[in-house]
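**Q** Let me see the structure of the following:
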Amino acid sequence: MRLRYCLALVLALLGAPAAFAQSPVGAWAIDLIAEGDAVDSGFLVITEGDEDGLFTLEGQGLNADLTGTTLSTEGATFTYAGTLSVGGAGPPFSIEGTLTGDALAAAMTVGESAFEIAGERTDRAAMEEAMAEPPAAPVKDLFEPFDLPTPNQYRSASGRPGPDYWQQEADYSISVALDPDDHMVDGEVVLTYTNNSPEALDYLWFHLEQNLFRPDSRGASAGSRADGATLDAANGYTLGTITVDGQTVEPHVTDTRMRLWLPEAVEANGGTVQVTIPYRFRVPEGENTPRMGRLEVDGGTIYSMAQWFPRVAVFDDVNGWNHMPYLGQGEFYLNYGDYEVAITVPSTMTVVATGDLRNESDVFTDAQRQRLADARRSDERVYIVTPDEVGTPAARPRQSGTTTWRYRAENVRDFAWGASEAFILDGAVANVELDNGETNPVLILSAYPAEGVSDDPANPGWEEATRYGRAAILNNSYWYPYPYPVAISVASHIGGMEYPMIHFSSVNSRHQSLFGVIDHELGHNWFPMIVGSDERRHAWMDEGFNTFINRRSNVQFYNENEDTSLPGYGQAEQSQFVGLLIPDTFARLTGSFGRTDDEILTYADQLTGQEGGWNSYFKPGMGLHLLQTAVLGEEVFDQAFREYIRRWAFKHPQPADFFRTMEDVSGEDLDWFWRGWFDTIRTYDAQLTDLSVREGDARVTVSHTGGLVMPTTVEVSFSDGSTTRLAVPVEAFGAAEEVTLTTPLNGREVESARLDPDALLPDVDRSNDVLAVGAE
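**A** Numbers count the residues shown, from 1 in each chain. This is a model prediction of the structure:
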């Protein structure tokens, strides 16, 4: 799913207010107000002159400087304006407020977003005390064994699948028809379910995600269904007569789940059963409908079809049946299998979908088929359905009735499709090198309406989507060669949502935002499509890992692309997937790593929007970045991470399988890292406490106050301009809270020392990382 929690969007979700006394200069304890209710709190420091101001929000983990500020006052009113900066340049802000004694009421704009705040005057000492980090957690416990499930015949101590590892197989044959007059979908799914588990199953559980849109759904009550969905009597599934191996069965439906008792248990170790389910539902409409729905554009309607058929739940060796209700926040955990899908739509529509299109001659004109063949040989974009053809008789082989598009997809965990009469369709090829030396010619496709096209070459739109998609597939194949035949980007009302070989992303995205979302959503083909983790419980295993690989892909695209005329060339740091994984920016932005009360290992449905952003995306993404750059080194990390993907490709790993694989391949005991970064909430704040000369040696002492430790480096500088670097292994802190290092002077005079000279670590306070001789 597309990450919405970069700073600009954090601010868009906030509200920001301010109010002060006779002079607004000073510190204010503020409340953030939304619809009359206080939703967050923090501090605002207003200054005059060259000193930076400060704006914080505790719950959002926001800690921003107000730079380049100007202050003007008139009676009890004032205006304070400048730039809001978090570790670098940021958007402009303006605060217009009124003072009443020691109270303040104000409106604040940040970029294009507007907020309200209310506050009372406080003093700097009280503010600094309130903002102080909590006492450091004890460090020695980091080095105790990290509790993981006991290895067994299914999951080994090395992190590999065990000798008796098993998983279920779910093969689908689906026929579906879309009626755009009333936006109804009528379908029939035939599931062939293979029980590879060691126990017979008396019943099967299914997911009915469309029931989320019922007014009485658990997701509606929990507030996790997005606002704006059209709700009426047709929302949710209407099921026909269900049969199991030809016998009628009665379903037991609870919210977004269905249990089917089987006439006979499906046998263990390879038994099969066939389930037939007729169904229908109305496609919801609304700007914020989660992960699927429809969008009206000038040329027609765009249908983004996902969670569009009843899907059998996963039965595994860890939890048995995984039948958690769909609330809208957490994503999915699904079986692998083969799909045969027939999609019937009005003949004026173009369809794109997961898998191989099997009947090109039925659905494209001769000219379009030739262009499609050209696209399969071209590194550059080739129009298949041209902008001029959209909405004309030339766009389709037939202009009346319906057309059926037939697809096949092998060994995938889901199937999604998009359809519209407004689609421009273009494509190119990405030749992915496989491990056996052969090449997989991946067809890159983009489907979008005219509204997606930009008329500004410096701010390109969906006309560049295929180039962006091609780069994403080639760059991310560094980790594991892309195994599928196609990769498709579809312009939609959805901010960003991924499925095997296809994603839906905002039609309004442009330039770096568009590349970022395409790279992120196509990156999900590695996590969780190839590596089939449980997104509902462990969102960080797909969102966090994907955020990490996005960083490399963004750097490759913007900073190492041979085309120096590319808009944004050399500016990868402007991408959230690069900029927010710069350690100093990460530490500055998140304060105490998000300032949430939840660890990375918290289940996704238990997280709020902001917590979901930091805990599922950026903190685990930064964790992998730290392992790569500061703990293991790039070569060792890359070997271990690739091996994790290889071991668990098209399987279902648990967190312990990842932790154990990384330790097994790297040869390092990382229990301290898993506990400190993933399982607890701690900050990293190392410092230099002493630099002195004794008996011909320079002596430098390193300590920490944040509760988290990392291997680091101290650089000692001498008067002759030379430097010496001293390594501080993480194990040094296992027995002591401070470590003293020595290096010979060799006739030189020591001047200063600097901790972490390459800024590899997210140190929350760098003011104590530099020390001169004799300084305290």
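**Q** secondary structure class for residue 470?
**A** helix (DSSP: H, G, I helix; E, B strand; the rest coil).
**Q** ok, so what distance separates it from residue 515?
**A** Computed as Cβ to Cβ, to the nearest Å, the residue 470 to residue 515 distance reads 11 Å. Placement of C-beta: from N, CA and C, glycine included.
**Q** Who has more neighbours out of these two?
**A** residue 515 (27 against 24; other Cβ atoms under 10 Å).
**Q** Look up the closest residue to the more buried one, ignoring the ones flanking it.
**A** residue 468 (4.6 Å; Cβ to Cβ, 6 or more residues apart in numbering).
**Q** Could I get the contacting residues of the one you found?
**A** 489, 514, 515, 518, 519, 557 (Cβ atoms under 8 Å, 6 or more residues apart in numbering).
**Q** Contact partners for the last one?
**A** Pointing back at residue 557 there. So residue 557 contacts 468, 471, 475, 515, 519, 572 (Cβ under 8 Å, 6+ apart).
**Q** Just the pLDDT at it, thanks.
**A** We note a pLDDT of 90 for residue 557 in this prediction.
**Q** Also the third one?
**A** We have a pLDDT of 94 for residue 515.
**Q** Could I get the phi/psi values of it?
**A** phi -60, psi -40 (degrees, to the nearest 10).
**Q** ok, it to residue 537 distance?
**A** Residue 515 is 31 Å from residue 537, by Cβ to Cβ.
**Q** one step back: what's the closest of the contacts of residue 557 to residue 646?
**A** Set against residue 646, the nearest of the contacts of residue 557 by Cβ to Cβ is residue 475 (18.4 Å).
**Q** and the closest one, helix, strand or coil?
**A** Applying three-state DSSP: residue 475 is helix.
**Q** That one contacts residue 552, correct?
**A** Yes - at 6.9 Å, residue 475 counts as touching residue 552 under the criterion of Cβ atoms under 8 Å.
**Q** in the stretch 151-300 of the chain, which spans are helices?
**A** Secondary structure of the stretch 151-300 of the chain by DSSP state H, counting those that start in this stretch: the helices cover 218-222.
**Q** where does it have low pLDDT?
**A** Applying pLDDT under 70 to the stretch 151-300 of the chain flags the ranges 221-234, 287-288.
**Q** any idea how far the closest residue to residue 528 other than its chain neighbours is from residue 494?
**A** Distance criterion Cβ to Cβ, 6+ apart; nearest residue to residue 528, sequence neighbours excluded, is residue 542 at 4.1 Å. Residue 542 sits 17 Å away from residue 494, going by Cβ to Cβ.
**Q** can you check residue 54 too?
**A** Residue 54 is 36 Å from residue 494, by Cβ to Cβ.
**Q** Comparing these two, which residue is more hemmed in?
**A** Neighbour tally, residue 54 and residue 494, criterion other Cβ under 10 Å: the higher count belongs to residue 494, 27 against 20.
**Q** which residues touch the more buried one?
**A** By Cβ under 8 Å, 6+ apart, the neighbours of residue 494 are 289, 291, 292, 293, 304, 504, 505, 506.
**Q** From the centroid of this structure, which residue is nearest?
**A** residue 543 (3.8 Å; Cα atoms, centre = their mean).
**Q** surely residue 280 meets residue 189?
**A** No - with contact defined as Cβ under 8 Å, residue 280 does not count as touching residue 189 (11.8 Å).
**Q** quick one: which of these two has more around it?
**A** residue 189 (21 against 18).
**Q** which residues touch that one?
**A** Counted by Cβ under 8 Å, 6+ apart, residue 189 has contacts 172, 173, 174, 276, 277, 279, 309, 310.
**Q** From what I see, the third one and residue 344 are in contact.
**A** To tie it back to what came earlier, the one meant is residue 174. No - using Cβ under 8 Å, residue 174 makes no contact with residue 344, being 11.3 Å away.
**Q** re the thing from before, export the contacts of residue 468 to CSV and tack on secondary structure and distance to residue 667?
**A** As requested, the contacts of residue 468 are exported to CSV (DSSP: H, G, I helix; E, B strand; the rest coil; distance: Cβ to Cβ, whole Å):
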residue, secondary structure, distance to residue 667
489, strand, 40
514, helix, 41
515, helix, 37
518, helix, 37
519, helix, 32
557, helix, 33
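**Q** List just the nearest of these to residue 389.
**A** Of the contacts of residue 468, the one sitting nearest to residue 389 (Cβ to Cβ) turns out to be residue 489, at 19.4 Å.
**Q** In contact with that closest one, which residues are there?
**A** 445-448, 462, 465-466, 468-469, 502-503, 505, 518, 521-522 are the contacts of residue 489 under Cβ under 8 Å, 6+ apart.
**Q** Buried only: go through the residues you listed for me.
**A** 445-448, 462, 465-466, 468-469, 502-503, 505, 518, 521-522 (16 or more other Cβ atoms under 10 Å).
**Q** quick one: the host helix or strand of residue 127 to chain centroid distance?
**A** Take DSSP states H and E as the rule and residue 127 turns out to sit in helix 124-131. Distance, stretch centre to chain centre, for helix 124-131: 34 Å (Cα atoms, centre = their mean, to the nearest Å).
**Q** Fine, thanks again, bye for now.
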